[in-house]
Each structure stands twice: as structure tokens, then as C-alpha cells.
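Trainee: sequence and predicted structure, then a few things I'm wondering about:
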Amino acid sequence: MNPILIIAARTWKNAFQNRATLALTLILGLALCLATYIGWQNFSAQNAQRLKYKEIVREQWLAKPDKHPHRMAHYGYLAFRNKHELSFFDFGIESFAGVSIFLEAHKQNTVNFSEAGFSNGMLRFGEMSVAMVLQLLVPLLIFFMGYSSISAERETGTLKILLCQGISWRQLMAGKTLGIIALSFSLFIPVILLTIVLWAALSNWQVSADATLRLLLLILGYAMYFVICSGIAVLVSAFHQTSKAALTTLLVLWVFFMIVMPRITQAVGASVYPAPSKIEFGAAIESDLQKQGDSHNPDDPHYAKFKADILKKYKVDDVKKLPFNYGGTVMAEGERISAEIYNRHQKELIGTFGKQNSFAVAASYFNPFLAIKNLSMALTAADFKTYTDFQDQAEAYRYELAQHMNQLQIDHISNEKPGEKDKPLSISRSNWASQPDFNYQFKTIGWVIDQQLMTILSLLCWFILVITGIAVSSKWVKTL
């Protein structure tokens, strides 16, 4: 048999003969089962709740009586952010990002009703998700398994025996790494099988090609992550004379990479690219709106000129003589201007957040945990970019709704008092159905890959670096 496979099988077998390792593996297995159940419950409860209130909002919109369309524009609409069927695997920022946004004319509101806002302080310590266990705890098991993989052979004297029997350093390190990978996969494979079943069930057994590709990339990403962690454990063990020293080094690396570095990265990003507060952001928009003009003020210079241009175009001397409702035209112009101002400020704000997050992307080239964390959130549609995409789609819908109501006013509302013309001051409720319901559409896997290209490359770099390290490190460990 291939010596590498023999060493791998022996490493895997010895791991389960150790009671401590067996106990830790069982505890992690139970933690993964619990995390899967929590994720499934979380998705089922929240998704059912959002669908329920989404239907109520639509029913209430359609049930509104005959009224002025501009009043309907101010009545507004409540848009809900959908949960992707894979979000039960990785919560990402789901619990801290709002789930709904109130859409109304002339005003852009923020997304509200996050789970964190209705939870106790325990949520600050993190939620138990499948991704959290795989990202944080499984590497700890790998390090615990791998710290003595080479150093113990050196301490007991069996290393010289193995080398004298014709086993090369490269075969030894590759076999040890493969055995530890097999151990991590003994936890990973059952989780993946359970994930596939739950994902299909949450999709009502109607899985899409896009979601399938997301799941396949998710599995591949975590598989590479475990290979990287296994390789690091064996390399650290090979370069230490004692198992105690190797374990200490691996624990320091785990604390630094998993806990310290991510927080330092966030703090540095926020410090270098500070974002305005909610009050400052709103004040800046209001300031620009005041400079541009007030559509509700007939004496405003901008809208006075706008009125003059309209009258000149239609060759009349009074807005009452226009063949359409002038008030609706003014509201449409005001909506266009306010939307442009808001979108400009929103784009700048998102750009600032993007610059802050770019530190985490850059740090992923030094920390594989950040790489898999960012990629996992993106593939399960629980990341910041998906959240901002929801905001963009909601704003586009809000603008369409407001302008649609303005157009109804232009076409169907009279410029005169009731009875002076055929057009009324309100329109039939049947017009409300012409405004479609809001349905958030997730971006395709191609968009996700494009947005996460640097993160994917960082994970590939780590994978290649570790494999190369296993292959060439034998030249240096021989001297130890």
C-alpha cells in the first residue's frame, strides 16, 4: 500500500483511540447537530413571520378606499427582506441587519426591526450556527489532533525508526496531514448531508441551479479551509521539538487568528474610513434638499422656474388650463430630485463601508478564517453586500411607487375644485392593484463570485501555500 495512506489511516485510528479526542469529537458533533436545529428553527420561524406580514401589507394596500393618489403615496408600503434558503447555515449579519423598510413618497427610511433589537444582551456573544462551529471549533479540534503529529514521533524516538524504514519526510507529513483531514471530514460530511436535506426541504424540494452552485462552492470552500488548518497543524508540529511547545503555538495562533485579528481589522477599518452617524447622514441630505428647493413651496425659485417653463411649453397662463394635473407634475419633479440626492449620499456611505470592509478582505491573505467567513456569508446571502442590494431594490421600488402615484394624479386628478371639471379629486381603489408587490430578488452566483473574487483568491493562496509548505518543508525539518 501507499505509505502515505498507511500513515493517514494510522493517524485517523490513533485519534479515536484517545478518549479525550473522542470526547471532543462527540461534543463537536452534538454542537453541530444543535446548531443545525437552531438554524432550521430560526429560518422557519422568521421566514414564516415575514411572509405572513408581507401578505397582510399587500391586502391592506389593496383594501384602501377611493382616495387621492398622493395620499396613497404617503400611506406608503412596507417591504420585507427575504431569507435565502441557505441562510440557516450561516447567519452572517442577518440578526443585526433590519428585516423591513417603510417606503413612502419624498422620504427614504432606514431598514428596521433587526433581531438584535428585540433580543437580550446574550446575542452580543454570538449565535450558534453551523458556520460558527465549522469556522471556530473544528479548527480547534484539528489543532488539538495535529499538535503532536510529528513532535510526538520525535519525542518517543519512533521518528528515526520510520525514517530508517524508508519513509521520507514528505510522505510522513503528507500522511499525517491526510489523516487529520479525514478526521475533520468525519464531522464535516454528515453536516453537509444534513445541510443538503434541510436546504432542499426549506426550498420546498424545488431547488434552483443558482442555489445548487452556491451550496457546491460552500462545500468546496470549507473543505479547503479544513485542509489549510490541517496543514498548519502538521507544519507547526514538525518545526517544534516538543508537543507542548507545538500546542502552545497552535493555541496562540487560534486565539490571534479567530478572535484578536478580526476585531483589530474592524477597528482599523472604522478608524481609517470613519462613517457619518445616522443624524449626520440625515442632516447632510436635508441640507442638500433645502439648497435644491421645496416642491411644496409655490414661491421656491427652482419650482417657480419649473412652473414658468411648463406654462410656456403648453402656451397657457395658468396651471388650471393645463391638460393634466400640475400638482402631480411638481410632485414627480420633487421626487426625482430628492431621490437623486439621497442616492448620491447613500452611494458615498456604502462606499465608506466598502472601504472599511476592504481591510477584512486584505487581512484574509494573512488569516484564512477571515477568508472562509467572508465567503460563507456571501454564498448564504447573509453578507453586507446582499443587505445593501436589498436597500437598493427597495429604494428602486419606492421611487417607482411614488412616481406611479404621481402619474395617476397627473392623468386622473382635476386641477379645479370638485364639480368644475370632469376629473375628480380621488380615483378608484382599483388603481392600487396596478402597483405590483415588492419581491426581493437575490443576485446570481456570478455576481457573488465577482464581488468575492479577492476573498476566493486569498483562500486559494492559502491552500496552495499550505500544500507547497508540506511538500518543501522536509528540506528544513530534517535538520531539527
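Mentor: That came in fine, so what should we check first?

Trainee: run through the bridge partners of Glu104.
Mentor: Assessed by DSSP bridges, Glu104 has beta-bridge partners Lys107.

Trainee: low-confidence bits of this structure, can you list those?
Mentor: For the chain, applying pLDDT under 70 flags the ranges 1, 113-126, 295-296, 298, 415-424, 474-480.

Trainee: how about a cut-off of 80?
Mentor: Low-confidence segments of the chain, defined by pLDDT under 80: 1, 15-18, 20-21, 95, 112-127, 293-300, 414-425, 473-480.

Trainee: where does Phe102 land in three-state SS?
Mentor: At Phe102, secondary structure determined by DSSP: H, G, I helix; E, B strand; the rest coil is strand.

Trainee: contact partners for it?
Mentor: For Phe102, the contact set (CB atoms under 8 Å, 6 or more residues apart in numbering) comprises 76-78, 109, 112. (C-beta placed from N, C-alpha, C; glycine too.)

Trainee: ok, the closest residue to it other than its chain neighbours to Ala79 distance?
Mentor: Of all residues not flanking Phe102 in the chain, Asn109 sits nearest, at 4.9 Å (CB to CB, 6 or more residues apart in numbering). Between Asn109 and Ala79 the distance is 10 Å, computed by CB to CB, to the nearest Å.

Trainee: other SSEs contacting the biggest helix by length in the chain?
Mentor: The helix that spans the most residues within the chain, counting by DSSP state H, is helix 19-62. Helix 19-62 sits against helix 3-17, strand 77-80, helix 130-132, helix 138-146, helix 169-202, with contacts defined as 3 or more CB pairs under 8 Å, 6 or more residues apart in numbering; DSSP states H and E.

Trainee: export the ones you listed to JSON lines and tack on mean neighbour count?
Mentor: As requested, the helices and strands packed on helix 19-62 are arranged in JSON lines below (neighbours: other CB atoms under 10 Å):
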{"stretch": "helix 3-17", "mean neighbour count": "16"}
{"stretch": "strand 77-80", "mean neighbour count": "22"}
{"stretch": "helix 130-132", "mean neighbour count": "24"}
{"stretch": "helix 138-146", "mean neighbour count": "24"}
{"stretch": "helix 169-202", "mean neighbour count": "20"}
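
Trainee: with adjacent residues omitted, what lies nearest to the residue nearest the centre of the chain?
Mentor: Nearest residue to the geometric centre of the chain (CA atoms, centre = their mean): Asp383, 1.0 Å. Residue nearest to Asp383 in three dimensions, not counting chain neighbours: Met377, with 3.8 Å by CB to CB, 6+ apart.

Trainee: overlap in contacts, Asn109 and Ala79.
Mentor: Common contacts of Asn109 and Ala79 (CB under 8 Å, 6+ apart): 101, 103.

Trainee: the strand or helix carrying Lys291: how far from the chain's middle?
Mentor: Element membership of Lys291, judged by DSSP states H and E, is helix 278-292. Put simply, helix 278-292 sits 29 Å off its chain's centre (CA atoms, centre = their mean, to the nearest Å).

Trainee: cool, and stretch 190-206?
Mentor: 20 Å.

Trainee: just the CA trace of it, in PDB.
Mentor: Extracted in PDB, the C-alpha atoms of stretch 190-206 (Å, rounded to 0.1, in the frame of the first residue of the first chain):
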ATOM      1  CA  PRO A 190     -22.500  14.300   7.900                       C
ATOM      2  CA  VAL A 191     -23.100  18.000   8.400                       C
ATOM      3  CA  ILE A 192     -23.100  18.500   4.600                       C
ATOM      4  CA  LEU A 193     -25.500  15.700   4.000                       C
ATOM      5  CA  LEU A 194     -27.900  17.100   6.600                       C
ATOM      6  CA  THR A 195     -27.400  20.600   5.100                       C
ATOM      7  CA  ILE A 196     -28.400  19.300   1.700                       C
ATOM      8  CA  VAL A 197     -31.600  17.700   3.100                       C
ATOM      9  CA  LEU A 198     -32.600  20.800   5.000                       C
ATOM     10  CA  TRP A 199     -31.800  23.100   2.100                       C
ATOM     11  CA  ALA A 200     -34.000  21.000  -0.200                       C
ATOM     12  CA  ALA A 201     -36.800  20.900   2.400                       C
ATOM     13  CA  LEU A 202     -36.700  24.700   3.000                       C
ATOM     14  CA  SER A 203     -36.800  25.100  -0.800                       C
ATOM     15  CA  ASN A 204     -40.000  23.000  -0.900                       C
ATOM     16  CA  TRP A 205     -38.000  20.400  -2.800                       C
ATOM     17  CA  GLN A 206     -37.700  22.900  -5.800                       C
END
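
Trainee: state the distance from Leu51 to Ser237.
Mentor: Counting by CB to CB, the gap from Leu51 to Ser237 is 51 Å.

Trainee: touching, Leu103 and Ala394? I think so.
Mentor: Yes: using CB atoms under 8 Å, Leu103 is in contact with Ala394, at 6.4 Å.

Trainee: circling back to that earlier point, against His68, how distant is the residue nearest to Phe102?
Mentor: 22 Å.

Trainee: repeat for Gln17
Mentor: 79 Å.

Trainee: before we move on, what about Thr177?
Mentor: For Thr177, the distance to His68 equals 72 Å [CB to CB].

Trainee: pretty sure Met331 is touching Arg71, no?
Mentor: No: Met331 is beyond contact range of Arg71, at 11.6 Å (criterion: CB under 8 Å).

Trainee: which of the two has more residues huddled nearby?
Mentor: More crowded of Met331 and Arg71, by other CB atoms under 10 Å: Met331, with 25 against 13.

Trainee: residues in contact with that one?
Mentor: By CB under 8 Å, 6+ apart, the contact set of Met331 is 70, 73, 105, 295, 402, 406, 409.

Trainee: give me the element the first one is part of.
Mentor: Using DSSP H and E, His70 sits in helix 69-75.

Trainee: can you tell me the SS state at the nearest residue to Val111 once chain neighbours are set aside?
Mentor: The shortest distance from Val111 to any non-neighbouring residue, by CB to CB, 6+ apart, is to Gly98 (3.2 Å). Three-state call for Gly98 (three-state DSSP): coil.

Trainee: how about Gly98, phi and psi?
Mentor: Main-chain dihedrals, Gly98, degrees, to the nearest 10: phi -70, psi 160.

Trainee: that one contacts Arg81, correct?
Mentor: Yes: applying CB under 8 Å, one finds Gly98 in contact with Arg81, separated by 7.4 Å.

Trainee: which residues do the two both contact?
Mentor: Common contact partners of Gly98 and Arg81 (CB under 8 Å, 6+ apart): Val111.

Trainee: between the two, which one's more packed in?
Mentor: More neighbours surround Arg81 than the other of Gly98 and Arg81, with 22 against 18 (other CB under 10 Å).

Trainee: quick one: terminal-to-terminal distance for stretch 447-460?
Mentor: With CA to CA, to the nearest Å as the measure, the first residue of stretch 447-460 is 19 Å from its last.

Trainee: any residues touching it, and which ones?
Mentor: Contact with stretch 447-460 is made by 214, 217, 221, 224-225, 228, 361, 364-365, 368, 371-372, 374-375, 378-379, 385, as judged by CB under 8 Å, 6+ apart.
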